[in-house]
Structure formats: C-alpha cells, structure tokens
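Chemist: The following comprises the amino acid sequence and a computationally predicted model.
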Amino acid sequence: MLDVNDHIYFAAPPLPYYLESGVTVHKRGDQHPNRRQLGVFDLLVVESGCLFIGEEDRHWQLTAGQTLLLLPNRHHYSVKPSEEETVFYWVHFLPVGEWQQTELDHASISHDNHYNRFLTSPYSLHIQKAWTLPYPEQTYRIMRALNNASEERQSRAFWTQQQSFEELLRMMDLRQNDSYTSPSVTLAEKTEVYIKNNYRTEITSKMLSDALNFHYNYIMRCMKQVYGMTPIDYLSKYRLEQAKLLLLKTEWPVAEIASYVGFENAPYFSNCFTRQIGMPPTKFRKQYTS
C-alpha cells in the first residue's frame, strides 16, 4: 500500500545531483539490506515483482511501476523477504539546498534564505514519497540510461548521468503535471506569472482578482502558503530584484530605475531598497564599481 500523503520538497536551483545508481534482482527469499543513516537519498523504482520495504515505523509493498523515496537520515530495512523474483532500480542523490518532508501540498521553504545563499528565488521541486508512475516505461528507460552510462569513459558518463537524472526529476516533479498540482499552488503560480508580466505598472488587489477570477483574500492566502508572502509583498520584492540588476548592468540614474521598475518616486524606492537590501541603491552600485 502506498502512502499518498507525504511529499518531499527540494529548493532549486541548484538541483539535487546524481551520485550513483544500479539495478537489483531479488530471487524468492532475498531481502533489502538493513541500513541506518545512509547519508544520501535513495530512490527505488520497482519494475517487476513486489518489494517489502520499511523506513522507521512505516511499511510499503512496492509493485511494478511504483516508487519510494527513502530519506538519508532514517532507518531502512526489509519488512519481509521477496515472495517472487523482484527487479528494482535505485538512485542515490544529494540536494545542495534546503529540503523538507511534509504532509502539506505546498512547501514552507524560506525564500529569503535561499535568495541570500544562491542569489535566486527558489523553485520547490515536488516529489511524492511513494508514487505510482503514470508512465513507468519512460522511467525504466531513464534508469537504464543512467546505469549504462557507467560503462562509458568518465568525461562522457558524467554529463549523460546528470542529464538523465534531471530528466528523471522533471518527470517525477508533480508540479509538471496539472492533475497532481493542488489548486492553491496553481493559483499562486498564476499570480506570480501575472506579477512578473506586469510589475512595471500599478497592480492592485482588484486587478489581480479580475485577472485571475478569484477573490483577493483567497489569492493572498494561496500566495502566503506557497511563497510565504502576500502578492503585494511579492511584487515589491520582485521590483527590487529587477532594480538590483539594473543598478549592476546600467548607468541609469536611481530615479530612472525606480520609475522603470514601477515605483512612483525615487525617495520611496530608496527607502524600500534600503530596508530590503540593507543599504541605499547608490551604495549598492558603488560596491561593484572601481
């Protein structure tokens, strides 16, 4: 039985990176090894048979086309030996950014912390802990490509494996499939797109409601759940991010930049910039000039 309530979220970029992979064939009576604190994520993909696997106090029976993502800091073990020949693929990988397991249909990853570390806003890669693959044959093909690449010379194998692994992540990311994405995430993403496409102009709560056909309070609640901020806060943050780029890439006066990114006047822009970035726009630009 699969537990459909648990979700794993990875903040990207950077994406999790591939370490190693393989295929295991269990004969009748074979069982998965007992491991503690493996230190890596272990993704299992069953191609045939049935794998009886446990993590801490939870048990799964994985059959053909089903996956399970085991966490790096947990106890993994066989619940009971295989009752028939069972073939499954496995992939070990590690994330660079923050990750979390939750029963919620959205992540609570810190946008500010991610931006300060990686200089970009996070995308929450959403993988269900236990899942029945919609296109299992496609997954098996990717797994075989990962494993076959290990027979090539390193300079070729490295890129083949990393690219194949990214293809696997994309396929398993529930946010790429509208039938799995929650309504709150879908609406928050639509709000984000609207803001990014219209940030240079005035955006009001009524304009958002009219454009997205939802009451503003619901839009605001979805944005806070998914992005940790209201639409107005997201708008201000995005405007300031664009202003930072213009301060670095142009010699435009501060007042011109303020107007370009949607602020009504330069003093208000400078106050917002100083409060968010920690220094005035002129000082921010000066630290990158000779």
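Modeler: Everything's here; your move. Residues are numbered from 1 along each chain as shown.

Chemist: Can you show me the strands along the chain?
Modeler: 7-12, 17-26, 35-36, 41-48, 50-55, 58-63, 66-70, 75-78, 86-94, 99-102, 123-128, 130-132 (DSSP state E).

Chemist: now those strands in TSV, with distance to Thr230 and mean pLDDT?
Modeler: C-betas here are computed from N, CA, C, even on glycine. Below are the strands of the chain laid out as TSV (distance: least, C-beta to C-beta, whole Å; pLDDT from 0 to 100):
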stretch	distance to Thr230	mean pLDDT
strand 7-12	21	92
strand 17-26	34	94
strand 35-36	43	86
strand 41-48	33	96
strand 50-55	37	94
strand 58-63	36	94
strand 66-70	32	95
strand 75-78	41	93
strand 86-94	34	96
strand 99-102	22	90
strand 123-128	18	89
strand 130-132	32	92
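
Chemist: Columns distance to Ser110 and mean neighbour count on top of the ones you listed, output as JSON lines?
Modeler: Shown next, in JSON lines, are these (distance: least, C-beta to C-beta, whole Å; neighbours: other C-beta atoms under 10 Å):
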{"stretch": "strand 7-12", "distance to Ser110": "8", "mean neighbour count": "23"}
{"stretch": "strand 17-26", "distance to Ser110": "21", "mean neighbour count": "16"}
{"stretch": "strand 35-36", "distance to Ser110": "29", "mean neighbour count": "11"}
{"stretch": "strand 41-48", "distance to Ser110": "21", "mean neighbour count": "21"}
{"stretch": "strand 50-55", "distance to Ser110": "26", "mean neighbour count": "20"}
{"stretch": "strand 58-63", "distance to Ser110": "27", "mean neighbour count": "16"}
{"stretch": "strand 66-70", "distance to Ser110": "22", "mean neighbour count": "22"}
{"stretch": "strand 75-78", "distance to Ser110": "28", "mean neighbour count": "17"}
{"stretch": "strand 86-94", "distance to Ser110": "20", "mean neighbour count": "20"}
{"stretch": "strand 99-102", "distance to Ser110": "10", "mean neighbour count": "15"}
{"stretch": "strand 123-128", "distance to Ser110": "11", "mean neighbour count": "21"}
{"stretch": "strand 130-132", "distance to Ser110": "26", "mean neighbour count": "18"}
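
Chemist: Out of these, which is closest to Tyr140?
Modeler: strand 41-48 (5.8 Å; C-beta to C-beta).

Chemist: Next, the angle from that closest one to strand 58-63.
Modeler: Relative orientation of strand 41-48 and strand 58-63, computed by axes from the mean of the first three to the mean of the last three C-alpha atoms, to 10 degrees: 40 degrees.

Chemist: partners of strand 41-48, with directions?
Modeler: strand 66-70 (antiparallel), strand 86-94 (antiparallel) (DSSP bridges).

Chemist: Now do that strand: distance to the chain's middle.
Modeler: 20 Å (C-alpha atoms, centre = their mean, to the nearest Å).

Chemist: what are the C-alpha coordinates of that strand, in CSV please?
Modeler: Extracted in CSV, the C-alpha atoms of strand 41-48 (Å, rounded to 0.1, in the frame of the first residue of the first chain):
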residue,chain,number,x,y,z
PHE,A,41,18.5,10.0,-0.7
ASP,A,42,17.7,6.6,-2.1
LEU,A,43,15.0,6.5,-4.8
LEU,A,44,13.6,3.0,-5.5
VAL,A,45,11.7,2.2,-8.7
VAL,A,46,10.2,-1.3,-9.0
GLU,A,47,10.0,-2.8,-12.5
SER,A,48,8.5,-6.3,-11.6
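
Chemist: Just the residues contacting that strand, thanks.
Modeler: Contact partners of strand 41-48, identified using C-beta atoms under 8 Å, 6 or more residues apart in numbering, comprise 16, 51, 53, 62-72, 76, 85-95, 133, 136, 139-140, 143.

Chemist: Please apply the same query to stretch 110-122.
Modeler: Residues contacting stretch 110-122 (C-beta under 8 Å, 6+ apart): 11-14, 97-98, 109, 227-229, 241.

Chemist: and with 10 Å instead?
Modeler: 9-14, 96-98, 107, 109, 123-124, 192, 227-229, 234, 237-238, 241, 244, 276 (C-beta atoms under 10 Å, 6 or more residues apart in numbering).

Chemist: got it, and stretch 241-261?
Modeler: 115, 119-121, 196, 199-200, 238-240, 262-270, 272-273, 276-277, 280-282, 284-286, 288-289.

Chemist: what would the strands of the chain look like in CSV with distance to Met220?
Modeler: Listed next are the strands of the chain as CSV, based on distance: least, C-beta to C-beta, whole Å:
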stretch, distance to Met220
strand 7-12, 22
strand 17-26, 36
strand 35-36, 44
strand 41-48, 34
strand 50-55, 37
strand 58-63, 36
strand 66-70, 32
strand 75-78, 41
strand 86-94, 36
strand 99-102, 21
strand 123-128, 19
strand 130-132, 31
